[in-house]
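Chemist: With the sequence up front, the predicted model follows.
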Amino acid sequence: MTDVAVETRHLTRRFGSIVAVRDLNLTIAKGEVFGLLGPNGSGKTTTIRMLCGLLAPSEGTAIVAGVDVREAPDRIKELIGYMSQRFGLYEDLTVAENMDFYAGIYGLEGPGKRGRIADVVSFLGLDRRLNQLAGTLSGGWKQRLGLACAMMHQPQVLFLDEPTAGVDPAARRSFWKTIQMLAEQGTTIIVTTHYMDEAERCTRVALLSQGHLIALGHPSEVATQVGEGAKTLEDAFVILQERDE
Amino acid sequence: MRRFMPMFRKEFIQMRRDRLTLGIMVGIPVLQLMLFGYAIQTDVRHIPTIVLDESRTPASRDAIAAFQNTGNFRIVAHVNGRDELDAWIARGDAQAGIAIPHDYPRDLARGTTAQIQVIVDASDPLSSQAALAAAAGVAQVRNLAILSAAARRPELPLETRVRPRYNPGLRSPNYIVPGLVGVILTMTMILVTAMAIVRERERGTLEQLIVTPVTKTEMMLGKITPYVGVGLVQMTTVLLLGRFVFDVPLTGNVLLLYGIALVFIVASLALGLFVSTLVQTQQQAMQASFFFVLPNILLSGFMFPRQAMPAVFQWIGALLPLTHFLKVLRGILLKGVGVRELWNEMAILLAFAVVLIALSVRRFRKTLD
């Protein structure tokens, strides 16, 4: 096993004449918290969809957790976790039932399933909410439950698509602590976000604009790569957004 | 298929918790059965009738009594003039009017043709037909009595003996209730499936499922299977209520009926799956389902005889699974017939199920990509 979690080479995706992602080369190491940043329409979502095996690349390759997305998109789904900003929860099921469902969907059964659910519950502190309907949880708790469901099968790579939209600051902070713990245990995290303070918590970020990779590196160093006098990540982001409009 | 069970279990819990769906599934059969069984009667009786008796003689009162005795006419009032009679019918307070002229007793006594006028509000063809038939019957009975007395011949020269088989009492519940099984299954199977799938799309859980290793087949089967059970429960409810509340016979092989119903349920579920691929929201799903259900009620022969429809509509009706399932329902429940008489319908239903599943599954897979 290498310590590369995700590797893309010349990854490109076209929709008709529009190029959503162009010639993307990324190497993400195991245990990284990698931020994908960019204005709407910059190619973040298309990139994530390709890395999850939902969308076939038009050109180039992507290896995720050692599997080529072109060759075995279904195998990839067993190795990755995905949490969207809507958390993918069944609001009319309880916390326990949601976890039980997703554990089952990921192929866990019997004592193995019960053990894993118990681990996740104590890791995320969900003990006292088990019998509450997911629909009655606050944003922060929904987010935790969403994460619980997405990590049931101990994925090697965890995709978080704007995970903290609509969540209060305290919950966001504790969520990021959890994420960092997961990364330290060896899970690779790929996250998209609009919050600059979150981007600054990443080990590295990639700035995308109109399908191109504009800048790549530690959050403190990418701003200067954008040019036009950008000093902070936020400056860089605003410049990109204005350039796109 | 090991991911089928979690999917099935989840769907079952959701179904149990969703008041609206549960209401639709349990409420619709009971409500419809009561409506169709009690309220809707196709045999029209007791038509409100207005009488204008200008002769006021025993002979005319006799004639009015004869009309009343048919049971088709219920006399609501007597009036004194033709204008008044017309006004009652125009207002809708009466649907039929009986007018007996001055010279009725005189003509009767003389042996010339005595006339009674019956005016019918034919804006409602169903009840006016019943009135017309009853009115003609009244005259015929009296004619026969008078003529056979004159001919001194008490026995009639000719008689047709009609034997109404399978539903000798000509009761509408016997016709309506078996049909209702099919209509209710069509309605709920299409609606509930479409809603269940669209709900996942609306709430973003479909997006989540797609990134899990669950296959599309496991997902679809897991979602749909609980509703097969619902369909069977609905059918049993209607059959039992029909049997014990409306006295509808269960003549034939009920097991065979359940077997064929299973095929029909699967075909309807596939149609619901198809509807779910056409719409984005639960509200649209509801509207689209009704769009599919209406022709089923009107053209399948559930309420209106297909023989009376123009050929085009008979063809359209033949394209509805319900049309063929109705023949099975009435055949087994009322006539007590079996596989030998019904193999044609069974083959058609099976073909429907296969084609609909193939179509819907293909479309469903596409909308997920």
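Modeler: Thanks, I have it.

Chemist: which parts of chain A sit against chain B?
Modeler: By Cβ under 8 Å from any Cβ of the partner chain, the residues of chain A that approach chain B are A:52, A:54, A:74, A:77-78, A:80, A:82, A:84, A:86-93, A:97, A:100-107, A:109, A:149. For glycine as for every other residue, the C-beta is placed from the backbone atoms N, C-alpha and C.

Chemist: just the buried members of the residues you listed?
Modeler: A:52, A:54, A:77-78, A:80, A:82, A:84, A:86-90, A:92-93, A:97, A:100-107, A:149 (16 or more other Cβ atoms under 10 Å in any protein chain shown).

Chemist: can you pull the contacts of residue 113?
Modeler: No chain was given, so I picked chain A. Shown in contact with residue A:113 (Cβ atoms under 8 Å, 6 or more residues apart in numbering or on different chains): A:100, A:103, A:104.

Chemist: Chain B is the one I meant
Modeler: Residue B:113 makes contacts with residue B:107, as judged by Cβ under 8 Å, 6+ apart.

Chemist: Then it would be within a helix, right?
Modeler: No. Counting by DSSP: H, G, I helix; E, B strand; the rest coil, residue B:113 falls outside a helix, being coil.

Chemist: What are the phi and psi values at it?
Modeler: In this entry, residue B:113 is assigned phi and psi values of phi -70, psi 120 (degrees, to the nearest 10).

Chemist: Show me the strands in chain A, by range?
Modeler: Along chain A, counting by DSSP state E, strands occupy A:4-15, A:18-29, A:33-37, A:59-64, A:67-68, A:80-83, A:157-161, A:188-192, A:204-209, A:212-217.

Chemist: again but with chain B, I slipped
Modeler: B:47-53, B:73-79, B:96-100, B:117-120.

Chemist: For the spatially most central residue of chain B, give its distance to chain A.
Modeler: The residue lying closest to the centre of chain B (Cα atoms, centre = their mean) is residue B:303, at 3.6 Å. Here the criterion is Cβ to the nearest Cβ, to the nearest Å. By it, residue B:303 lies 37 Å from chain A.

Chemist: Need the nearest residue in space to residue B:201, chain neighbours excluded.
Modeler: residue B:280 (6.9 Å; Cβ to Cβ, 6 or more residues apart in numbering or on different chains).

Chemist: Kindly list the longest helix within chain B.
Modeler: helix B:172-203 (DSSP state H).

Chemist: What helices and strands are in contact with that one?
Modeler: helix B:4-17, helix B:19-34, helix B:205-210, helix B:216-245, helix B:254-278, helix B:282-299, helix B:321-330 (3 or more Cβ pairs under 8 Å, 6 or more residues apart in numbering or on different chains; DSSP states H and E).

Chemist: so how far is the third one off the chain centroid?
Modeler: For helix B:205-210, the gap between its own C-alpha mean and the chain's C-alpha mean amounts to 40 Å (Cα atoms, centre = their mean, to the nearest Å).

Chemist: Pull up the residues of chain B that are close to chain A.
Modeler: Near chain A, when you scan chain B using Cβ under 8 Å from any Cβ, you find B:2-3, B:5-7, B:9-10, B:13-14, B:17-18, B:203-205, B:207-214.

Chemist: ok so, going back, from chain A, how far out is the closest residue to the residue nearest to the centre of chain B other than its chain neighbours?
Modeler: Using Cβ to Cβ, 6+ apart and skipping the chain neighbours, the partner closest in space to residue B:303 is residue B:297 (6.8 Å). Residue B:297 is 31 Å from chain A, where distance means Cβ to the nearest Cβ.

Chemist: Give me the number of neighbouring residues for residue B:297.
Modeler: 18 (other Cβ atoms under 10 Å in any protein chain shown).

Chemist: Now do it, the pLDDT please.
Modeler: On the pLDDT scale, residue B:297 is placed at 89.

Chemist: Please apply the same query to residue B:66.
Modeler: pLDDT at residue B:66 comes out at 90.

Chemist: Which residues are in contact with it?
Modeler: By Cβ under 8 Å, 6+ apart, the neighbours of residue B:66 are B:138, B:141, B:142.
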